[in-house]
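[1] Okay, structure incoming, though there's no sequence with it:
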């Protein structure tokens with residue numbers, strides 16, 4: 001016997017759009033992209049004046065689209081204050097007077113304020129040799145090996161930096177200690193690390209091997225936490241149905257990027273000015289037409305790149321109760337087509353719900369996630385809502401382009417024609433969703 005979910009999905013798949021969709025304004029998409037990814041926006045880093053300026057621009061665009069502000073009092077900006085732990089001075093590794101610095105020769109993402117001991121070259125055949133020492137493990141990074149050395153009593157572990165760390169070396173080197181405190185979301189200050197893991201470049205590993213036996217000191221003194229503010233940009237179009245607000249559809253994206261690193265601007269055109277521009281285009285179209293049956297909520301989240309601070313705050317202070325949201329579509333990195341399929345988008349978590357097939361049946365150029373090994377379902381703001389039970393999924397194009405988190409992620413490397421085509425393919429499906437009684441559901445056992 002077919003389940004009710006299967007029957008609903010089958011009915012959705014056989015449906016067809018009832019009217020021609022409005023035309024996407026390609027010039028509007030390009031103008032919004034150009035503004036967000038402009039050099040003067042300096043990459044819209046989390047909690048910076050540049051990101052705050054982007055938030056004000058987005059709020060103005062929603063207002064121009066005749067979308068009402070959804071924050072208290074009809075405001076568009078929802079302030080999110082947070083504190084990031086900070087180092088008093090950049091972490092260092094001193095071995096016999098030879099100093100290696102954070103972001104230069106070494107990189108630590110987790111460090112106790114101080115770790116002292118003789119430097120010793122270790123292997124898994126004799127983990128006991130790490131006891132009371134700074135262990136140098138000259139092998140490909142393996143978290144299980146690192147744990148084994150700490151279990152044996154190592155005061156710190158130095159390891160080969162994996163490729164993903166080497167690729168983001170400059171960005172990671174400018175970060176403070178991990179964690180964040182978001183008082184308004186009930187997120188407490190992170191505990192201070194009690195152990196030190198240090199990544200080293202290949203040439204640093206070679207230098208350290210020659211220093212074995214010398215006294216080593218890893219210093220990562222803590223300073224005062226840094227208080228910053230980001231903003232969620234929230235809008236709403238109230239529906240016409242009697243229960244419209246209790247059947248809301250949330251369209252969202254994040255608008256921040258990673259800012260300026262080493263004096264170089266990372267524009268963040270594809271990631272994620274493209275998603276923000278798509279949300280603005282849906283707002284323009286829905287705001288210009290007849291009010292939909294369902295209420296449509298809009299959310300442009302801040303600080304996704306640093307851990308989803310905006311989305312986490314939104315969970316505690318949603319523009320409508322989370323139980324009222326029947327579906328959340330997040331838009332991320334839709335500006336560069338996948339060479340394997342240059343005409344379509346993917347939906348993360350396709351196999352988890354009946355939403356993807358329903359949208360595809362109504363004309364959306366979407367398919368299942370082609371990169372499940374990357375866990376993209378868990379890597380966008382949609383996941384914050386999904387964990388609370390909302391059917392929340394991300395629409396993306398090519399999630400692993402060579403411009404990802406690079407200075408080359410600029411407007412020149414975005415395919416604006418492709419963007420216009422795929423946004424156009426989504427207009428009719430989104431209009432259907434906000435005017436139907438279809439309620440997306442998790443498939444059995446697939447809710448996170």
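    Great, that's in hand. Keep in mind that what you see is a predicted model, and the values were worked out from it rather than measured.
[2] check contacts around residue 380.
    Taking Cβ atoms under 8 Å, 6 or more residues apart in numbering, we find residue 380 in contact with 254, 304, 330, 332, 348, 394, 396. For every residue, glycine as well, the C-beta is placed using N, CA and C.
[3] what about burial for those residues, which qualify?
    With burial judged by 16 or more other Cβ atoms under 10 Å, the buried subset of the contacts of residue 380 is 254, 304, 330, 332, 348, 394, 396.
[4] Give me the nearest residue to the second one, chain neighbours excluded.
    The spatial neighbour of residue 304 that comes closest, neighbours along the chain excluded (Cβ to Cβ, 6 or more residues apart in numbering), is residue 254 at 3.4 Å.
[5] was I right about that neighbour contacting residue 274?
    No. Contact criterion Cβ atoms under 8 Å: residue 254 and residue 274 do not qualify, at 11.0 Å.
[6] about what we covered before: is the residue nearest to residue 304 in a bridge, and if so with what?
    Taking DSSP bridges as the rule, residue 254 bridges to residue 301.
[7] now do residue 196
    Beta-bridge partners for residue 196, by DSSP bridges, are residue 156.
[8] How confident was the prediction at it?
    Predicted confidence (pLDDT) at residue 196: the value is 95.
[9] what's near enough to touch it?
    Taking Cβ under 8 Å, 6+ apart as the criterion, residue 196 is in contact with 108, 110-112, 115, 155-157, 218, 220.
[10] What is the least confident helix or strand in the protein?
    Sorting the helices and strands of the chain by mean pLDDT, DSSP states H and E puts helix 4-14 at the bottom, at a mean of 34.
[11] circling back: now the contacts of residue 380 as CSV including pLDDT?
    Listed next are the contacts of residue 380 as CSV, based on pLDDT from 0 to 100:
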residue, pLDDT
254, 97
304, 95
330, 97
332, 96
348, 96
394, 97
396, 96
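[12] Tell me the one of those nearest residue 435?
    Set against residue 435, the nearest of those by Cβ to Cβ is residue 330 (20.7 Å).
[13] Which helix or which strand is home to the closest one?
    Here residue 330, judged by DSSP states H and E, is contained in strand 325-331.
[14] So for residue 54, what's the nearest residue that isn't a sequence neighbour?
    Distances taken as Cβ to Cβ, 6+ apart put residue 44 closest to residue 54, at 4.8 Å, once the chain neighbours are dropped.
[15] number of nearby residues for that neighbour?
    29 (other Cβ atoms under 10 Å).
[16] Phi, psi for it please.
    Backbone geometry at residue 44, expressed as degrees, to the nearest 10, gives phi 50, psi 50.
[17] pLDDT wise, what is it at?
    Residue 44 is given a pLDDT of 98.
[18] ok so, going back, in TSV, list the contacts of residue 380 along with distance to residue 228.
    Converted to TSV, those look like this (distance: Cβ to Cβ, whole Å):
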residue	distance to residue 228
254	16
304	14
330	23
332	23
348	29
394	25
396	28
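[19] ok, residue 175 - contacts?
    residue 109.
[20] Count the neighbours of residue 142 for me.
    14.
[21] pLDDT below threshold where in the protein?
    1-19 (pLDDT under 70).
[22] any idea how it splits into domains?
    4-83+227-435, 92-219 (automatic domain parsing).
[23] re the thing from before, name all residues that make contact with the residue nearest to residue 54.
    36, 50-51, 54, 255-257, 259, 268.
[24] could those residues be laid out in JSON lines, adding distance to residue 232 and secondary structure?
    As requested, those are arranged in JSON lines below (distance: Cβ to Cβ, whole Å; DSSP: H, G, I helix; E, B strand; the rest coil):
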{"residue": "36", "distance to residue 232": "16", "secondary structure": "helix"}
{"residue": "50", "distance to residue 232": "16", "secondary structure": "helix"}
{"residue": "51", "distance to residue 232": "11", "secondary structure": "helix"}
{"residue": "54", "distance to residue 232": "12", "secondary structure": "helix"}
{"residue": "255", "distance to residue 232": "10", "secondary structure": "coil"}
{"residue": "256", "distance to residue 232": "11", "secondary structure": "coil"}
{"residue": "257", "distance to residue 232": "16", "secondary structure": "strand"}
{"residue": "259", "distance to residue 232": "18", "secondary structure": "coil"}
{"residue": "268", "distance to residue 232": "17", "secondary structure": "coil"}
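[25] Now tabulate these in a markdown table and tack on neighbour count and distance to residue 121.
    Converted to a markdown table, these look like this (neighbours: other Cβ atoms under 10 Å; distance: Cβ to Cβ, whole Å):
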| residue | neighbour count | distance to residue 121 |
| --- | --- | --- |
| 36 | 25 | 49 |
| 50 | 20 | 45 |
| 51 | 26 | 44 |
| 54 | 29 | 48 |
| 255 | 30 | 47 |
| 256 | 31 | 42 |
| 257 | 29 | 40 |
| 259 | 22 | 38 |
| 268 | 30 | 41 |
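[26] So which of those residues is the closest to residue 91?
    residue 259 (20.8 Å).
[27] how close does the closest one get to residue 51?
    As defined by Cβ to Cβ, to the nearest Å, residue 259 lies at a distance of 8 Å from residue 51.
[28] same thing with residue 204?
    33 Å.
[29] what number of residues lie near residue 415?
    18.
[30] which ones are touching the spatially closest residue to it that is not a sequence neighbour?
    Spatial nearest neighbour of residue 415, chain neighbours left out: residue 337 (5.8 Å); criterion: Cβ to Cβ, 6+ apart. Each residue near residue 337 by Cβ under 8 Å, 6+ apart is listed here: 343, 397-398, 415, 418.
[31] Take those and lay them out in TSV including secondary structure and distance to residue 181.
    Shown next, in TSV, are these (DSSP: H, G, I helix; E, B strand; the rest coil; distance: Cβ to Cβ, whole Å):
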residue	secondary structure	distance to residue 181
343	coil	44
397	coil	35
398	coil	35
415	coil	40
418	helix	40
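[32] What's the ChimeraX line that selects buried ones from these?
    Buried residues within the contacts of residue 337, by 16+ other Cβ under 10 Å, are selected in ChimeraX with:
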select :397,398,415,418
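[33] so which of the contacts of residue 337 comes closest to residue 324?
    The shortest approach to residue 324 among these belongs to residue 397, at 29.6 Å (Cβ to Cβ).
[34] ok so, going back, give the residues shared as contacts by residue 254 and residue 274.
    Common neighbours of residue 254 and residue 274 (Cβ under 8 Å, 6+ apart) are residue 332.
[35] Residue 322 and residue 385 touch, don't they?
    Yes. Counting by Cβ under 8 Å, residue 385 is a contact partner of residue 322 at 6.9 Å.
[36] Those two: who's more crowded?
    Counted by other Cβ under 10 Å, residue 322 and residue 385 do not tie: residue 385 has more neighbours, with 24 against 16.
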